[in-house]
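# Here's my sequence, what's the structure:
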Amino acid sequence: MKVNKVLLFSLLFILGLILISLIYTAINLGAREKVALVRVEGPIIEAKSVVDEIKGYVKDSSVRAIVLRVDSPGGGVVPSQEIYEEVQKAKTAKKIVVSMGSVAASGGYYISAPADRIIANPGTITGSIGVIMVIPNLKGLLDKVGIKTEVVKSGRHKDLASVFRGIGQEEREIIQGVMDDVHEQFIAAVSECRKIPIEKIRMIADGRIFSGRQAINVGLVDEVGDLEYAIKSAAKLAGIEGEPEVVSKAEKGALSRLLEGKMPEEISRVLPDISLKYMYYMYMP
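Modelled structure (predicted):
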């Protein structure tokens, strides 16, 4: 009888230890410090989804660092600037590391500049610090088919950059002035964030591109490495010991974005758009 009681007590004791161990492990796993992965992929058309995602991770106390995975040729000036501003704000609360994919150029570089560390793959295409505005000219085509447009306007330049005619010298000077100002904003932002004299940035801010490895030599990138390396670097910067938990927002499909009143990139890419862009254009043969 005593032997049975001893065996039962031993069994209960062992089960208790196992239960305590499981609870302790579960608590540790639940409390494991996190690195958030925010993806910016394709043309930068709108900023809200990325901005909201960054804000959410900044408020999450379990997230110690944010990795911004940038695989974008750039896009609209304003959404690029809005993401840039949010990255700057987030940097005051979390460690921010940028991981560059195939392309992180123009606006893609703009949003990367404020990060604590920029990591690119050796063959990443980056740089392209510049502004572009592409204005279609349909006048020749419309003349051939006999179509004319009638314009009623209240100001001499109200139909500036019209696709139905060419651009005159005075209009070109106005547009160039705006582009030069926006370009200067880009140059100043990179100079401030990367702690590089503005004149040095101005020398390479002519739209030229760099490989990830070349970009290190001019100060635009800190080191080469892949996404996994960037995550480990972010964890190390944030003082996370051991393997961090990586959290990321599930990507929404085109239908979901339409239901939310957003224009999916798949559609917006093929629609005509006349606006200032921080964009690196890749022409494929």
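# Wasn't T149 part of a helix?
No: T149 is assigned coil when assessed by DSSP: H, G, I helix; E, B strand; the rest coil, not a helix.
# Find the nearest non-adjacent residue to it, please.
Take T149 and drop its neighbours on the chain: the residue closest to it by Cβ to Cβ, 6 or more residues apart in numbering is F164, 4.6 Å away. C-beta coordinates here come from the backbone N, C-alpha and C atoms, glycine included.
# Please report how far E170 lies from D180.
Separation of E170 from D180 (Cβ to Cβ, to the nearest Å): 16 Å.
# whoops, I mixed them up, E223
Taking Cβ to Cβ as the measure, E223 falls 33 Å from D180.
# Between those two, which has more neighbouring residues?
Ranked by neighbour count (other Cβ atoms under 10 Å), E223 and D180 place E223 first, with 14 against 11.
# give me phi/psi at that one?
Per-residue torsions, E223: phi -160, psi 170 (degrees, to the nearest 10).
# What residues are bridge-paired with it?
Bridge pairing for E223 (DSSP bridges) gives the partners I119.
# Enumerate every residue touching it.
E223 is in contact with R117, I119, I216, counting by Cβ atoms under 8 Å, 6 or more residues apart in numbering.
# Most neighbours among the residues you listed, which one is it?
Per-residue neighbour counts (other Cβ under 10 Å) across those peak at I119, which has 25 neighbours.
# pLDDT score for it?
According to the prediction, I119 has pLDDT 98.
# shouldn't it be in contact with I231?
No: using Cβ atoms under 8 Å, I119 is not in contact with I231, being 9.8 Å away.
# Where do the helices of the stretch 1-150 of the chain begin and end?
2-30, 48-59, 77-91, 107-110, 139-145 (DSSP state H, counting those that start in this stretch).
# Dump the second one to CSV, restricted to CA.
As requested, C-alpha coordinates have been extracted for helix 48-59 and formatted as CSV (Å, rounded to 0.1, in the frame of the first residue of the first chain):
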residue,chain,number,x,y,z
LYS,A,48,-1.9,55.2,-45.4
SER,A,49,-1.5,51.4,-45.2
VAL,A,50,2.2,51.6,-44.5
VAL,A,51,1.9,54.5,-42.1
ASP,A,52,-0.9,52.8,-40.2
GLU,A,53,1.1,49.6,-40.0
ILE,A,54,4.2,51.4,-38.6
LYS,A,55,2.0,53.3,-36.1
GLY,A,56,0.5,50.1,-34.9
TYR,A,57,4.0,48.5,-34.2
VAL,A,58,5.2,51.7,-32.5
LYS,A,59,2.3,51.3,-30.0
